[in-house]
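1. Need coordinates for the following:
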Amino acid sequence: MIKQIAVALLAFALAWPAFAATPVNINTADAATLSNSLDGIGPSKAKAIVAYREEHGPFKTVADLSNVKGVGPATLERNRGAILLSGAGPTPAPAANAAAKPAAAAAPAKAAAKPAPKAAKGGG
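-> Predicted coordinates:
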C-alpha cells in the first residue's frame, strides 16, 4: 500500500510541470498562445483577453486582467509567475515588492514596538 502511494506521488511530481503555466507576454500574445500557456485560460477567455487588450490598450498590471470577464483573482494568482507585461521576466507577486524594501525602514517600527517604562505611582 505504501509503495503504491509512493509511486503515485512520484508520478504526480513528474507530471506537475505539464500543469504549470508557461511564461507569456499578455500584451503581445494571440488567443491561441494565451490559452496554451496559462492555466485555467481556455480559448474563449483567451479571445476575451485579446479583445479587451485591443479595445483598452496594453495591460499595465497583472491585476488589470481581472477586468476581463471570466478572469478572477484565483486565475491571476495561479498564473502570476507566468504573466509577462513586456519582454522582462515574470511579474513578481505583490508581497515580493514589500520584501524588497530596505531594512532601515523596518528599524523605527521595531523601536516603537517596545513598551514605555511604567511611571511610579505617588502615594498621597
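
2. from what I can see Lys47 touches Ala32, true?
-> No - proximity of Lys47 to Ala32 does not meet the contact threshold set by C-beta atoms under 8 Å, at 9.5 Å. Yep, even glycine has a C-beta here, placed from its N, CA and C like the rest.

3. Comparing these two, which shows the higher neighbour count?
-> Lys47 (15 against 12; other C-beta atoms under 10 Å).

4. what residue ranges in this structure score low on pLDDT?
-> 8-20, 88-124 (pLDDT under 70).

5. Which parts of it are strands?
-> Secondary structure of the chain (DSSP state E): strands at 24-25, 83-84.

6. Pick the most deeply packed of those strands.
-> A comparison of the strands of the chain by mean neighbour count, using mean count of other C-beta atoms under 10 Å, puts strand 83-84 on top with a mean of 20.

7. Distance of the nearest residue to Ile49 once chain neighbours are set aside relative to Arg53?
-> Of all residues not flanking Ile49 in the chain, Val68 sits nearest, at 5.3 Å (C-beta to C-beta, 6 or more residues apart in numbering). Noted for Val68: a distance of 9 Å to Arg53, by C-beta to C-beta, to the nearest Å.

8. now Thr28: how far from Val7?
-> Thr28 sits 42 Å away from Val7, going by C-beta to C-beta.

9. same thing with Ala46?
-> Distance of Ala46 to Val7, computed by C-beta to C-beta: 36 Å.

10. Tell me which of the two has more neighbours.
-> Ala46 (22 against 10).

11. Now do the contacts for the more buried one.
-> By C-beta atoms under 8 Å, 6 or more residues apart in numbering, the contact list for Ala46 reads Ala31, Ala32, Thr33, Leu34, Ser35, Leu38.

12. which residues in the chain form helices?
-> Counting by DSSP state H, the chain has helices at residues 2-19, 31-37, 43-56, 73-79, 94-99, 106-112.

13. OK, contacts around Ala74?
-> Applying C-beta under 8 Å, 6+ apart, the residues near Ala74 are Gly40.
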